[in-house]
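# Build me a model:
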Amino acid sequence: MSIEIKNLTKVYGTQKAIDSISFSISSGEIVGFLGPNGAGKSTTMKILSGYIPQTSGNASILGMDVAKEPLKIKERVGYLPELNPLYNEMYIKEYLQFNADIYKIKNAKEAIEHVIEITGLTLERKKKIGQLSKGYKQRVGLAQALLNNPDVLILDEPTSGLDPNQMTEIRKLIVELGKNKTILLSTHIMQEVEAMCSRVIIINKGKIVADDQVGNIKNRLKNTAKTTRVRFRDTIEVTKLKEQSGIKAVVAIESNVYEVTASNGTDLAELLFKFAIASNTIITEQIELSESLENVFHQLTKNV
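Numbering: from 1, shown residues only. Below is the predicted model of the structure:
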């Protein structure tokens, strides 16, 4: 296995950031690691990358224990953290050369030219990092993660700050890299997961709540729940809607717009119509949703 975690736990004071989680990732897999903010994604990635120690449990990469062989692991892992730390006063090539020196990379010049090209930094290559947009800074971070030609890539929000065109380019790059590397990536953009990943691991409140192929995850709630996106003309009392018999979940999407999930067999259209009348409002839009990864994610990570 490229990545293997067994009963991994991390405790900060009295809070368990991750609570005895276990999973493994085979060579050549691109796996989406999903969860709400504070679920434990970044903590897990930091442990795998050797940046922080676990409290208990075991984690290994390429057969090496992250607690016992952190330097050897870092030689073969590329890591892009959520908060991409860069030296703004450095030029792009200067920063990459600095990292190449740390890794003691042979043929550093060729390696730097290669990552600049594949991450789309060619036109910006002569600029200082501080002069770059957020999207291009993110590309510099990705270039740094690829500099040592790692066997395993750990990417925490790799497309953060990119515009739609840049996102498409980086997604294509990640998919191409996944042909020869193992990739664990975290993102809040469900379309990215469906476009890039063959498998999804969902973590919530420090525990794994799902680990399966993308198609199987999407079908998880099939025939057990029905979800409708509904827009009310006026503000409603969400608590009262949640209390309606047959309602499993209500997720706020934007002002006066909700995704409402009901148990199988519940006539959700009739229920919402009656609720709107009782609430002295009307429904201005109502769309029945097919099962989507985003919808399943909401169901598995909703606050209960």
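# Okay, strands next: where are they in the protein?
3-12, 15-25, 30-34, 56-61, 64-65, 77-80, 152-156, 182-186, 199-204, 207-213, 225-232, 247-254, 257-263, 283-289 (DSSP state E).
# Quick one: those strands as TSV, columns for distance to residue 165 and mean pLDDT too.
All C-beta atoms are positioned from the backbone trio N, CA, C, and that covers glycine. Converted to TSV, the strands of the chain look like this (distance: least, CB to CB, whole Å; pLDDT from 0 to 100):
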stretch	distance to residue 165	mean pLDDT
strand 3-12	31	96
strand 15-25	30	96
strand 30-34	21	95
strand 56-61	33	96
strand 64-65	38	96
strand 77-80	20	94
strand 152-156	19	95
strand 182-186	19	96
strand 199-204	25	94
strand 207-213	29	93
strand 225-232	28	85
strand 247-254	25	89
strand 257-263	28	88
strand 283-289	28	88
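# distance of the nearest residue to residue 247 once chain neighbours are set aside from residue 218?
Spatially, and ignoring its direct neighbours in sequence, residue 247 is nearest to residue 262 (5.6 Å; CB to CB, 6 or more residues apart in numbering). As judged by CB to CB, to the nearest Å, residue 262 and residue 218 stand 19 Å apart.
# Among those two, which residue is more densely surrounded?
residue 262 (22 against 19; other CB atoms under 10 Å).
# How about the contacts made by the residue nearest to residue 202 when sequence neighbours are not counted?
Excluding its sequence neighbours, the residue lying closest to residue 202 (CB to CB, 6+ apart) is residue 210, at 4.1 Å. Neighbouring residues of residue 210 by CB atoms under 8 Å, 6 or more residues apart in numbering: 200-202, 217, 220, 296, 300.
# next one: residue 77
Counting by CB under 8 Å, 6+ apart, residue 77 has contacts 48-50, 61, 150-154.
# run the last query once more with 6 Å
150, 152 (CB atoms under 6 Å, 6 or more residues apart in numbering).
# circling back to that earlier point, mind giving me TSV with the strands of the chain and columns for distance to residue 97?
Below are the strands of the chain laid out as TSV (distance: least, CB to CB, whole Å):
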stretch	distance to residue 97
strand 3-12	29
strand 15-25	32
strand 30-34	29
strand 56-61	26
strand 64-65	27
strand 77-80	17
strand 152-156	21
strand 182-186	25
strand 199-204	36
strand 207-213	40
strand 225-232	50
strand 247-254	46
strand 257-263	49
strand 283-289	50
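# Tell me the buried residues in stretch 34-45?
Within stretch 34-45, the residues that qualify as buried are 34-36, 39-45, counting by 16 or more other CB atoms under 10 Å.
# Just the CA atoms of it, as CSV, please.
Output in CSV follows, covering the C-alpha atoms of stretch 34-45 (Å, rounded to 0.1, in the frame of the first residue of the first chain):
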residue,chain,number,x,y,z
LEU,A,34,-13.7,15.2,2.1
GLY,A,35,-15.2,16.7,5.2
PRO,A,36,-16.6,19.9,6.7
ASN,A,37,-14.2,22.5,8.2
GLY,A,38,-12.7,21.1,11.4
ALA,A,39,-13.5,17.5,10.5
GLY,A,40,-9.8,16.3,10.7
LYS,A,41,-8.7,16.4,7.1
SER,A,42,-5.8,18.8,7.4
THR,A,43,-4.7,17.1,10.7
THR,A,44,-4.5,13.7,9.0
MET,A,45,-2.6,15.2,6.1
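# who's in contact with that stretch?
By CB under 6 Å, 6+ apart, stretch 34-45 touches 10, 17-18, 33, 82, 154, 156, 186, 202-204, 206, 301.
# Could you do stretch 2-19 as well?
Counting by CB under 6 Å, 6+ apart, 20-25, 27, 40, 43-44, 54-61, 152, 182, 206-207 sit against stretch 2-19.
# are any of those residues buried, and which?
21, 23, 25, 40, 43-44, 54, 57, 59-61, 152, 182, 206.
# Roughly how far does residue 301 sit from residue 267?
27 Å.
# For those two, work out which one has more neighbours and name it.
Neighbours per residue (other CB under 10 Å) separate residue 301 from residue 267, with residue 301 holding more: 19 against 12.
# can you pull the contacts of that one?
36, 204.
# swap the cut-off to 7 Å and go again
35-36, 202, 204, 209 (CB atoms under 7 Å, 6 or more residues apart in numbering).
# Make a markdown table from those and add distance to residue 175 to it.
Listed next are those as a markdown table, based on distance: CB to CB, whole Å:
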| residue | distance to residue 175 |
| --- | --- |
| 35 | 22 |
| 36 | 26 |
| 202 | 21 |
| 204 | 27 |
| 209 | 26 |
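# Does residue 142 touch residue 119 like I think?
Yes - the pair residue 142 and residue 119 qualifies as a contact (CB atoms under 7 Å) at a distance of 5.3 Å.
# okay, the two: which has more neighbours?
Between residue 142 and residue 119, residue 142 has the larger neighbour count (other CB under 10 Å), namely 27 against 21.
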